[in-house]
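# Turn this into a structure:
(one chain, ligands or ions: 2)
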Amino acid sequence: MFVRSSRLLGRKSSPQFTRFSTKSRGPSSAIRFNSTKSTSTPPPPPPPPPQTGSKGKILLAIGALAIGSTIAASLYNKDSPKSAVEPVAQKGPAFQDGKIKVIFVLGGPGSGKGTQSALLVKEHGFVHLSAGDLLREEQKREGSKYGELIANYIKEGLIVPQEVTVALLEQAIKESYAKGSTKFLIDGFPRKMDQALTFENQIAKSSFTLFFECPEQVMLKRLLERGKTSGRTDDNIESITKRFRTFIETSMPVVNHFEEQGKVIKVQCDQPVDVVYTQVKNALSEKGVN
Ligand SMILES: Nc1ncnc2c1ncn2[C@@H]1O[C@H](COP(=O)(O)OP(=O)(O)OP(=O)(O)O)[C@@H](O)[C@H]1O
Ligand SMILES: O=c1ccn([C@@H]2O[C@H](COP(=O)(O)O)[C@@H](O)[C@H]2O)c(=O)[nH]1
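Numbers count the residues shown, from 1 in each chain. Ligands and ions are numbered 1, 2, ... in the order given. Model prediction:
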């Protein structure tokens, strides 16, 4: 099963998260959660788009804080006992004791994460959740409070504030779990240390990370080729350069963090798709995933 998109994070007209639905490659489904009427002050305005320069960085930081408090307020409204995600003094991740298996798939932009994940879905029955796809879907969703923000972060090759991405992933995982799925490939996430820590504290510990190593020149060539038809706003040389930089500066520390825990399997990706896939399958089988 491949879940590409999730609707979440409320509508422009409502400060509350009242409606959630998920589209999948299979029959589409919509899940309605309990609606909560807001009695509290309206949330802060949407954060400003990313900008360069120190003023831009300050605005970005304020934006990230604002988005965090907006989402936290929506999710953890004490007056709403029926809120979609209950306010919990959580003692550990929502999914403990191996209830679900989570494999992170990391690698530079264009290293082939999506391609290999799609193959694994076919043969191993994983649910494939691409954080980038979830964000793009939320960006396009009519009425999304965060559409503009997501669009700007993606074009700038920056990491969207974790609250948005973790909430999208959590919702998608819960929806799939409710339908009986327990094996998840989380593609392109976590891209930043805060995401890694929040996900593992709040949702589930990862079993391990598949890390796709690929020379930048190879990734660049692939992305420029993909850009001819993808319609992605970040498959152009300007955005790709920024994405490479973010990958090195912000995402590699996550890989290093899991490597220190002995939880990274490296795959060399500068090879034909089927050769890479053989490596991936061997790696999984070494970890007892068949
Ligand atoms: N082993 C490979 N050899 C040649 N081309 C490949 C290989 N793997 C993927 N590609 C192509 O490279 C492009 C990028 O692949 P893919 O979308 O899987 O990468 P990704 O890591 O998911 O990228 P992003 O993070 O930007 O979404 C696609 O057009 C894909 O068809
Ligand atoms: O956890 C995440 C994952 C992705 N993003 C943003 O999306 C784009 C595209 O991601 P792909 O995985 O290449 O589809 C990425 O450059 C980030 O801007 C994110 O913010 N957080």
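
# T115 - how many residues pack around it?
15 (other Cβ atoms under 10 Å). The way it works is simple: take the backbone N, C-alpha and C, and place the C-beta from them, glycine included.

# what's it in contact with, if anything?
Residues in contact with T115 (Cβ atoms under 8 Å, 6 or more residues apart in numbering) are V273.

# Report pLDDT for it.
Looking at T115, its pLDDT is 98.

# May I see the buried residues of stretch 113-129?
For stretch 113-129, burial by neighbour count (16 or more other Cβ atoms under 10 Å) applies to K113, G114, Q116, S117, L119, L120, V121, F126, V127, H128, L129.

# The helix or strand harbouring the fourth one near ligand 1 at all?
Spelled out, that is S117. In this structure, S117 sits in helix 113-124 according to DSSP states H and E. Yes - counting by Cβ under 6 Å from any ligand atom, ligand 1 has neighbours in helix 113-124: K113, G114, T115.

# so for the helix or strand following that helix, what's the average pLDDT?
Note on helix 113-124: by DSSP H and E, the next helix or strand toward the C-terminus is strand 127-130. What strand 127-130 shows for mean pLDDT is 98.

# following strand 127-130, which helix or strand comes up?
helix 131-140.

# buried stuff in the host helix or strand of Y277?
Using DSSP H and E, Y277 sits in helix 273-286. Buried residues in helix 273-286, counting neighbours by 16+ other Cβ under 10 Å, are found at V276, Y277, Q279, V280, K281, A283, L284.

# just stretch 250-268 next, same as before
Neighbour counts over stretch 250-268 (16+ other Cβ under 10 Å) mark T250, S251, M252, V254, V255, H257, F258, K263, V264, I265, V267 as buried.

# if I've got this straight, the last one is in a strand?
Yes - checked against DSSP: H, G, I helix; E, B strand; the rest coil, V267 lies within a strand.

# okay, it: pLDDT?
Listed pLDDT for V267 reads 97.

# Leaving out chain neighbours, which residue sits closest to it?
Spatial nearest neighbour of V267, chain neighbours left out: Q279 (4.8 Å); criterion: Cβ to Cβ, 6 or more residues apart in numbering.

# before we move on, the earlier item: okay, angle between the helix holding Y277 and helix 113-124 too, please.
Angle of helix 273-286 versus helix 113-124, following axes from the mean of the first three to the mean of the last three Cα atoms, to 10 degrees, is 60 degrees.

# mind exporting helix 273-286 as CSV, just the C-alpha atoms?
What follows is helix 273-286, C-alpha atoms only, in CSV (Å, rounded to 0.1, in the frame of the first residue of the first chain):
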residue,chain,number,x,y,z
VAL,A,273,17.7,0.6,-10.4
ASP,A,274,17.7,-3.2,-10.3
VAL,A,275,21.2,-3.4,-8.9
VAL,A,276,20.4,-0.9,-6.2
TYR,A,277,17.3,-2.8,-5.4
THR,A,278,19.3,-6.0,-5.0
GLN,A,279,21.4,-4.2,-2.4
VAL,A,280,18.3,-3.0,-0.7
LYS,A,281,16.8,-6.4,-0.5
ASN,A,282,20.0,-8.0,0.8
ALA,A,283,20.2,-5.3,3.4
LEU,A,284,16.6,-5.9,4.5
SER,A,285,17.1,-9.6,4.6
GLU,A,286,20.2,-9.1,6.9
